[in-house]
Each structure stands twice: as structure tokens, then as C-alpha cells.
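**Student:** Dropping a prediction and its sequence here:
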Amino acid sequence: MNTVKLARYLIGKTVVREIPGGRAVGRIVETEAYLSGDAASHFFRGPTPRNKSIYLAHGHAYVYFCYGAHFMLNVSAERAGAGGGILIRAFEPIEGIAWMQANRGNVRLRDLARGPGRLAAAFGISKLHDGVDLCGKEGEVWLGSTVRPRDKIGTSVRIGITKDAHRLLRFYEKGSPFVSGPKSLRK
DNA sequence: AGTGCGATTGACT
DNA sequence: GTCAATCGCACTA
């Protein structure tokens, strides 16, 4: 599977999670692609215990812990054994909003999942979800269908990286208030 | 065994 | 706008 194509495809799709008495659903509005040979990626130097999930067949979760405080949710994107992944950076809360807000200390709706660390916190994502299949419904978390057609997709440099920083591998739904980053990167 | 550093966030000026 | 917190992991030796 082509990682960039999948990164764009995921905009407008949903992430679903089982919660007590129902579901939490978010509509993805921002992603970043991390490619093979990409110095900014976690797998630039090959497989390690931490990044092994990025080498699973496309559609598996790669969850990692960063800055001593935050989990990040990624989707593996290539065939088994090949590196490639997509960071889910932001979603628009659709369902289970009260449950997500309880996880986040009742911040305003707009800030609930605007940023990868916030998104994972709202969704209750942790290392337990590393490696799970996001395409089947056997697990607790999976990728769902579109709830509303997406608007135009914007492209920009990726946020918060220092290597290979010029590459245009960030994708977002134009105009969405749920996209992270400065205003200039949301138009 | 020690060290440096993040695919960030939230608090503060 | 600036800036510190925080810790698991990969790299060096």
C-alpha cells in the first residue's frame, strides 16, 4: 500500500472505540506520512523493539510513548516487513464525547483531540493498543467508514520534526477547526 | 552503564 | 509569544 495515498485516504474516515455502554467515534481531519528512507521516521535505522508494529501489514496500530507524557496513534501502511506509517494527528469528535471529555479534563470540544497526544488521551489509547489490527472489529479500536464527505485536502510540512523537515507529508481537511498547528497550516 | 533527545503539551509572560 | 516537564529508548562505550 502507498503510504501517502493512505494518509490522504484516511482524512474523513473514522476511528471507533468500544467504551462502556457504547462507542466513541472521531472523524480524522489531520494525518502525517512517515516513509521508508525518511530520516524523520522512527524506523529510519531499521526495526527495534519499539517500532516493530510499523512493520506489520497495513492497517495495524503502532502506538508509542513520547516526551515522557504522551501516546501517539499511528497506522502501519505498507506490506508486512516493510516500514511505513501514518500518524493520526487530529480528529473531529463525533460520538462518545462525554466519555472523551472525561479523559481530557473537560476541555473545550475544539481542543479535545486537536494534536496527536490529545487525541490519544481522549481516546484512551495506550501501549496496550500497540500492534492491534485496526481493520477488523475483533479488537477494541478500529477504523470505520466516512460519516460526512470530506472537504478539500491541504498539504504542508510535518509538525515538530527536525530531520527531513521540508517534505510535504502532512495532510488535513481545509478549514476544519479541529486541525492542529498554527493558522497558516490550516488554510 | 551512561547519556541525549524527542512525530508534545500546558502553563505562564 | 516563550519555556520547562518527563521518561523510555536507541546509541555509544
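**Tutor:** Cool, got the structure.

**Student:** what helix or strand is the residue nearest the centre of chain A on?
**Tutor:** The residue at the geometric middle of chain A, judged as the C-alpha nearest the mean C-alpha position with CA atoms, centre = their mean, is residue A:88 (1.2 Å). Secondary structure here is read from DSSP states H and E; on that basis residue A:88 sits in strand A:85-95.

**Student:** Equivalent analysis for residue A:7, please.
**Tutor:** Secondary-structure element containing residue A:7, defined by DSSP H and E: helix A:3-9.

**Student:** just residue A:121 next, same as before
**Tutor:** Using DSSP H and E, the secondary-structure element containing residue A:121 is helix A:116-123.

**Student:** Extract the CA atoms of the next helix or strand after that helix and return them as PDB.
**Tutor:** Remark: after helix A:116-123, the chain's next helix or strand is strand A:141-144, criterion DSSP H and E. As requested, the backbone C-alpha atoms of strand A:141-144 are provided in PDB (Å, rounded to 0.1, in the frame of the first residue of the first chain):
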ATOM      1  CA  VAL A 141     -10.300   0.000  18.400                       C
ATOM      2  CA  TRP A 142     -10.800   0.000  14.600                       C
ATOM      3  CA  LEU A 143     -11.100   2.200  11.500                       C
ATOM      4  CA  GLY A 144     -14.700   2.900  10.400                       C
END
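
**Student:** ok so, going back, run the contact check for the strand holding residue A:88 versus DNA strand C.
**Tutor:** No: in terms of CB under 7 Å from any atom of the strand, no part of strand A:85-95 sits within range of DNA strand C; the closest distance is 13.8 Å. The C-beta positions use only the backbone N, C-alpha and C, and glycine is treated the same way.

**Student:** From the contact counts, what lies against the helix or strand following that strand?
**Tutor:** Moving toward the C-terminus from strand A:85-95, the next helix or strand (DSSP H and E) is helix A:97-103. Of the remaining helices and strands, those touching helix A:97-103 by 3 or more CB pairs under 8 Å, 6 or more residues apart in numbering; DSSP states H and E are strand A:22-34, helix A:116-123.

**Student:** so what pLDDT did the residue lying farthest from the centre of chain A get?
**Tutor:** Relative to the C-alpha centroid of chain A, counting by CA atoms, centre = their mean, residue A:21 is the outermost residue, at 24.5 Å. Model confidence at residue A:21, expressed as pLDDT, equals 92.

**Student:** so who does it touch?
**Tutor:** Neighbouring residues of residue A:21 by CB atoms under 8 Å, 6 or more residues apart in numbering: there are none.

**Student:** Helix or strand: which one has the closest residue to DNA strand B within chain A?
**Tutor:** Among the residues of chain A, residue A:160 lies nearest to DNA strand B; the distance is 1.7 Å by CB to the nearest atom of the strand. Residue A:160 is part of no helix or strand, with elements assigned from DSSP H and E.

**Student:** Look up phi and psi at it.
**Tutor:** phi 80, psi 10 (degrees, to the nearest 10).
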